[in-house]
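Student: Return a 3D structure for these sequence lines:
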Amino acid sequence: MPSLEFDIHTHTIASGHGSTATITDMAKAAAARNLQMLGITDHGPATLGGGRTSYFRSLSHAQRIRLGVEMMYGAEVNILDNKGKLDLEDSILDKLDYAIASIHKPVKKPGTIEENTTAYIAAMQHPKVRIIGHCDDVKYPVDYLALIKAAMKYDVLLEINNSSLSPDGYRGDTRFNDLMILNLCRHFHYPVVLASDSHGTKHVGDFEHTLELVKLAEMPESLVMNYSLKAFKCFLGR
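Tutor: Numbering: from 1, shown residues only. A predicted model of the protein is given here:
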């Protein structure tokens, strides 16, 4: 069975949330788990304790290979309103490898299904947003059919988030929503991306709960982007 080659959603000390891990610490964890590539995506400045603009600006000068692991540097930006406004300026985003756009409490209060869906789709239209993060959150209900169709239109991946699915996850019981995403993506033959959302080193490369659901949904390996770093790079246009 092929191995999962990369993790694109992880957080260092720059995200706050009690993590003390540096980028090098995260690379060590990735190397120990035999990942070929690790994406560092710290929280944008609207998140309490999130990274400052100066931090994200400096990432363009960061090492590309650490301990044999290829590094990509992005951000998990906050969607601030229903028009898809993000909490990092274009001048910063343009120099990152990619951005994951997510909705977090208390940055943006939950809205109706229509409002939440509109916010995600508006964010997808930013050229640097290539992934929508944890859109399985039960507090932010969405129209998944509309979301998948928009993701296909704007060339964006929907994330299946391991942290959401863990027993101590704080987004509610997201299994039904994640299965909805997987089944729709399988129907449209459109890939998803798995992510640990590890805050610190403990869960880097941990896809335990996502893989259980991928198996349950009978998702083909060809539609799980993590099995091919080459395919992901092609998707990013690198």
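Student: so where does D7 fall, helix or strand?
Tutor: Taking DSSP states H and E as the criterion, D7 maps to strand 6-11.
Student: Parallel or antiparallel, which strands does that strand pair with?
Tutor: On the basis of DSSP bridges, the sheet neighbours of strand 6-11 come out as strand 37-43 (parallel), strand 198-199 (parallel).
Student: Compute the distance from the centre of it to the centre of its chain.
Tutor: Shown here is strand 6-11, whose average C-alpha point lies 7 Å from the average C-alpha point of the whole chain (CA atoms, centre = their mean, to the nearest Å).
Student: which other helices and strands contact the helix or strand just after it?
Tutor: Using DSSP H and E, the helix or strand that directly follows strand 6-11 along the chain is helix 23-32. Here helix 23-32 is seen to pack against strand 37-43, strand 65-66, strand 69-78 when contacts are counted using 3 or more CB pairs under 8 Å, 6 or more residues apart in numbering; DSSP states H and E. Glycine gets a C-beta too; all of them are placed from N, C-alpha and C.
Student: still on that earlier bit, now do the strand holding D7: everything it contacts.
Tutor: 17, 19, 26, 30, 35-43, 72, 74, 76, 98, 100, 131, 133, 159, 161, 193, 195-200, 204-205, 207, 226, 229, 232 (CB atoms under 8 Å, 6 or more residues apart in numbering).
Student: The one helix or strand A101 maps to - contacts with which helices or strands?
Tutor: For A101, the host element (DSSP H and E) is strand 98-102. Applying 3+ CB pairs under 8 Å, 6+ apart, we find strand 98-102 packed against strand 6-11, strand 37-43, strand 69-78, helix 113-124, strand 129-132.
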